[in-house]
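In: Turn this into a structure:
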Amino acid sequence: MESFFSLAVALVVVFIAAEIFTNALEHLGERMGVSEGVTGSIFAAVGTAMPETIIPIVAILAGGASEAVNHEVGLGAILGAPFMLATLSIGLMGWFAGRKRGWSTPVAPEASGLKRDLSVFLVSYLLVVAAALLPAAWEQVKILFVFTLFGIYFLYLLNTIKASRQLVDAGHATEADGVLYISRIFGDSTPVAAVQLLVGLGMLVAGARMFVHGVELASDVLGVSALVVSLLIVPVATELPEKVNSILWIRKGRDTLAVGNITGAMVFQGTVIPALAMMLMPWSLEAGPAMAAVVLALLGNGWLWYLSRSGRMNGAYLSMSMLLYVVFILYVVGG
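Out: Prediction:
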């Protein structure tokens, strides 16, 4: 009973926090004069990625007594995050877009930013897999992969920011939708918006951690392994901020922010987080749930690429991304 109560409270906290966070982020992006691509793919993506960034690092460095279990939780959370984003998160966003705007109505994020996000994720995640398949004796070689992944993300930031001015001039500037919530009490200013952003982010992290606690309690009843829990269940909690933010934005017709929030998080979690993990724990992949999650994440990225290139990006087709998540559940249950 305690686990379900924790899950319910966590969901309420995350939904409220996401609304506070996105409202403040829109106002800060507008004041800074940056494009929706920068706001969605960098600011929102990195900000809402804090829960899934913190959890694997804590698991690896300060988990339980079993180092093997700690590494399983860390590996599962790291690989599970991009998998969840590329399948369930994209699918849910598409479903809400279809329900709100019609299933055949196009979802139209800014094209160059989406292409950049999907391309960078594909290249970096293939490097992550390649590093995991190296022989154990080549452990030192993985340092090259670490620096390469950090370098890729740095170049990604530079290119995204560089493209911002041109996109602003083309009409893709970040525009706030409504008044800043706490301006009614503290006035409307940049410091006030920053405070609201930090409050929202803190609530997002707290809500996600509360959800994870509820999931852990529930998993004891279900009797599943730490790796499966961290691949299948924990990312549902840690990806809640991205899901909720993107759903809120897609319902408002803010397609670039909605899609960029997810694909930008995929880039961050396909470069920086695996690179950190390679520095902290043995990095290897074997056939099984972890490898299945990697393959399905790449398939989800490929499906989104196909939809964007073929002009078929709408609620109906985007919703189909959830089928990849269903495939993983069937694989785990069947195994």
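In: Just the terminal-to-terminal distance for stretch 166-184.
Out: 34 Å (Cα to Cα, to the nearest Å).
In: Next, give phi and psi for Asn314.
Out: Backbone torsions of Asn314, given as degrees, to the nearest 10, read phi -140, psi 180.
In: which stretches of the stretch 1-150 of the chain form helices?
Out: 2-32, 36-38, 45-48, 50-62, 67-84, 90-101, 111-133, 142-162 (DSSP state H, counting those that start in this stretch).
In: looking at the ones you listed, which is closest to Val236?
Out: When those are compared by Cβ to Cβ, helix 67-84 sits nearest Val236, at 6.6 Å. Glycine gets a C-beta too; all of them are placed from N, C-alpha and C.
In: what does the model give the spatially most central residue of the chain for pLDDT?
Out: Nearest to the centroid of the C-alpha atoms of the chain, with distances taken as Cα atoms, centre = their mean, sits Ala265, at 4.1 Å. Here the pLDDT value assigned to Ala265 is 88.
In: Just give the closest residue to it, not the sequence neighbours.
Out: Of all residues not flanking Ala265 in the chain, Ala45 sits nearest, at 4.1 Å (Cβ to Cβ, 6 or more residues apart in numbering).
In: Need the winner for burial among the helices of the stretch 1-150 of the chain.
Out: Most buried of the helices of the stretch 1-150 of the chain by mean neighbour count (mean count of other Cβ atoms under 10 Å) is helix 36-38; its value is a mean of 28.
In: tell me the average confidence for that helix?
Out: 72.
In: remind me which residues of the stretch 51-200 of the chain are low pLDDT?
Out: 51-73, 167-177 (pLDDT under 70).
In: go with 80
Out: Applying pLDDT under 80 to the stretch 51-200 of the chain picks out residues 51-77, 136-140, 163-178.
In: show me the contacts for Thr22.
Out: Residues in contact with Thr22 (Cβ atoms under 8 Å, 6 or more residues apart in numbering) are Ala44, Gly200, Asn245, Leu248, Trp249.
In: what's the most distant pair in those residues?
Out: Gly200 and Trp249 (14.3 Å).
In: before we move on, back to that, can you say which of the helices of the stretch 1-150 of the chain is nearest to Val327?
Out: That would be helix 67-84 among the helices of the stretch 1-150 of the chain, by Cβ to Cβ, at 11.0 Å.
In: circling back to that earlier point, secondary structure element for the residue nearest to the centre of the chain, which one?
Out: helix 255-280 (DSSP states H and E).
In: ok, back up a step: same list (the contacts of Thr22) but as a markdown table, adding secondary structure.
Out: Putting the contacts of Thr22 into a markdown table (DSSP: H, G, I helix; E, B strand; the rest coil) gives the following:
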| residue | secondary structure |
| --- | --- |
| Ala44 | helix |
| Gly200 | helix |
| Asn245 | helix |
| Leu248 | helix |
| Trp249 | helix |
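In: Tabulate those (TSV), appending neighbour count and distance to His27.
Out: Shown next, in TSV, are those (neighbours: other Cβ atoms under 10 Å; distance: Cβ to Cβ, whole Å):
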residue	neighbour count	distance to His27
Ala44	29	13
Gly200	25	12
Asn245	30	15
Leu248	21	15
Trp249	26	14
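In: quick one: which of the residues you listed is nearest Leu304?
Out: Trp249 (16.4 Å).
In: dump the residue contacts of the spatially closest residue to the closest one that is not a sequence neighbour.
Out: With Cβ to Cβ, 6+ apart as the criterion, Trp249 has its nearest non-adjacent residue at 3.8 Å, and that residue is Ala258. By Cβ under 8 Å, 6+ apart, the contact set of Ala258 is Gly40, Met93, Ala97, Val107, Pro109, Asn245, Ser246, Ile247, Trp249, Ile250.
In: any idea how far Glu26 is from Ala258?
Out: 12 Å (Cβ to Cβ, to the nearest Å).
In: Then Thr148?
Out: 34 Å.
In: what do you get for Arg184?
Out: 16 Å.
In: Same check on Ile78?
Out: Taken as Cβ to Cβ, the span from Ile78 to Glu26 is 30 Å.
In: Doesn't Leu285 lie inside a strand?
Out: No: assessed with three-state DSSP, Leu285 is coil; it does not lie in a strand.
In: wait, Met93 sits on Leu248?
Out: No: counting by Cβ atoms under 8 Å, Met93 sits too far from Leu248 to count as a contact (10.1 Å).
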